[in-house]
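In: what shape does this take:
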Amino acid sequence: MKTLDINTIAFQYLLKTESQKIENKFAEQTIQKIEFNQDKYLESQNSLLLQLYNLEEEDLYV
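Out: Got it, this is the predicted structure:
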């Protein structure tokens, strides 16, 4: 009976540690994906002021 209890405890420990590893891996991937999308978004955006300056340089702004 002791062997069964020890095996059960060991099995529960392994399940717990593996699930924590998997959760950490998904959390890291999510953070990386969010940062990547944020960087890409910021690079593609121009501020309104910058757009006005560009139009003024091209003499298109009235």
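
In: now residue 47: phi and psi?
Out: The phi/psi pair for residue 47 (degrees, to the nearest 10) reads phi -70, psi 160.

In: how many residues are close by it?
Out: Taking other CB atoms under 10 Å as the neighbour definition, residue 47 ends up with a count of 8. Every C-beta, even on glycine, is put in place using the N, C-alpha and C of the backbone.

In: and the gap between it and residue 33?
Out: Separation of residue 47 from residue 33 (CB to CB, to the nearest Å): 25 Å.

In: do residue 12 as well
Out: With distances taken as CB to CB, residue 12 is found 32 Å from residue 33.

In: repeat that for residue 51.
Out: Separation of residue 51 from residue 33 (CB to CB): 29 Å.

In: and residue 53, how many neighbours?
Out: Quick note: residue 53 (other CB under 10 Å) scores 13 neighbours.

In: just the CA atoms of the helix or strand where it lies, as PDB, please.
Out: Counting by DSSP states H and E, the secondary-structure element that holds residue 53 is helix 48-57. As requested, the backbone C-alpha atoms of helix 48-57 are provided in PDB (Å, rounded to 0.1, in the frame of the first residue of the first chain):
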ATOM      1  CA  LEU A  48      -0.800  63.300 -37.600                       C
ATOM      2  CA  LEU A  49       1.900  65.900 -37.000                       C
ATOM      3  CA  LEU A  50       4.400  64.000 -39.000                       C
ATOM      4  CA  GLN A  51       1.900  63.600 -41.800                       C
ATOM      5  CA  LEU A  52       1.200  67.400 -41.800                       C
ATOM      6  CA  TYR A  53       4.900  68.100 -42.000                       C
ATOM      7  CA  ASN A  54       5.300  65.800 -45.000                       C
ATOM      8  CA  LEU A  55       2.400  67.500 -46.700                       C
ATOM      9  CA  GLU A  56       3.800  70.900 -46.000                       C
ATOM     10  CA  GLU A  57       7.200  69.900 -47.500                       C
END
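
In: list the buried residues of it.
Out: Judged by neighbour count (16 or more other CB atoms under 10 Å), helix 48-57 contains no buried residues.
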